[in-house]
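# Predicted model follows, preceded by the sequence.
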Amino acid sequence: MNGNHQFYAGLTDWTPWDEAEVLKMQYGERAVLAELITCTGLLVDLSMDQHTEVRKGVAANPCTPASTLKRLAEDDFCSSVQETAKKTLSNLPE
């Protein structure tokens, strides 16, 4: 994990500028952060990323809103994203 990943993974007070910086990153960096961040709005944005690796990271993140995980589990065109989202949903506390 590089310095950017550490900074954003630990960030609790997100600004629009922080979110914009993540969205401008290369998809590999977005994929890593998608598994680590807690910003629900950004996770929702990343759940619609064109890259499977990014959506799969969102699907694996327990901070992703349940409604977003359900959408990924049911509607994503990639079966690995669907399965990851289903697994994350099944591990969430009820």
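Noted; the coordinates are in hand.

# for whatever helix or strand residue 86 lives in, packing partners?
Secondary-structure assignment from DSSP states H and E places residue 86 in helix 79-91. Secondary-structure packing of helix 79-91 (3 or more Cβ pairs under 8 Å, 6 or more residues apart in numbering; DSSP states H and E): helix 52-60, helix 66-75. To be clear about C-beta, it is placed using only N, CA and C from the backbone, and glycine gets the same treatment.

# At the geometric centre of the chain, which residue sits there?
When Cα atoms, centre = their mean is applied to the chain, the residue found nearest the centroid is residue 58 (2.5 Å).

# any idea how far residue 16 is from that residue?
Separation of residue 58 from residue 16 (Cβ to Cβ, to the nearest Å): 19 Å.

# again with residue 33
16 Å.

# Quick check: buried residues in stretch 72-82?
Judged by neighbour count (16 or more other Cβ atoms under 10 Å), stretch 72-82 contains these buried residues: 72-73, 76, 81-82.

# any chance of those residues in CSV, plus pLDDT and distance to residue 90?
Written out in CSV, the entries for these read as follows (pLDDT from 0 to 100; distance: Cβ to Cβ, whole Å):
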residue, pLDDT, distance to residue 90
72, 98, 13
73, 98, 10
76, 98, 16
81, 98, 15
82, 98, 13
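
# Can you pick out the most distant pair from these?
The widest separation within the buried residues of stretch 72-82, taken as Cβ to Cβ, falls between 73 and 81 and amounts to 8.4 Å.

# Now for the two: what residues contact both?
With contacts taken as Cβ atoms under 8 Å, 6 or more residues apart in numbering, the residues that reach both residue 73 and residue 81 are residue 59.

# Give the residue farthest from the middle of this protein.
residue 94 (20.6 Å).

# Relative to residue 66, how far out is that one?
When Cβ to Cβ is the yardstick, residue 94 and residue 66 sit 10 Å from each other.

# What of residue 7?
Computed with Cβ to Cβ, the distance linking residue 7 and residue 66 is 27 Å.
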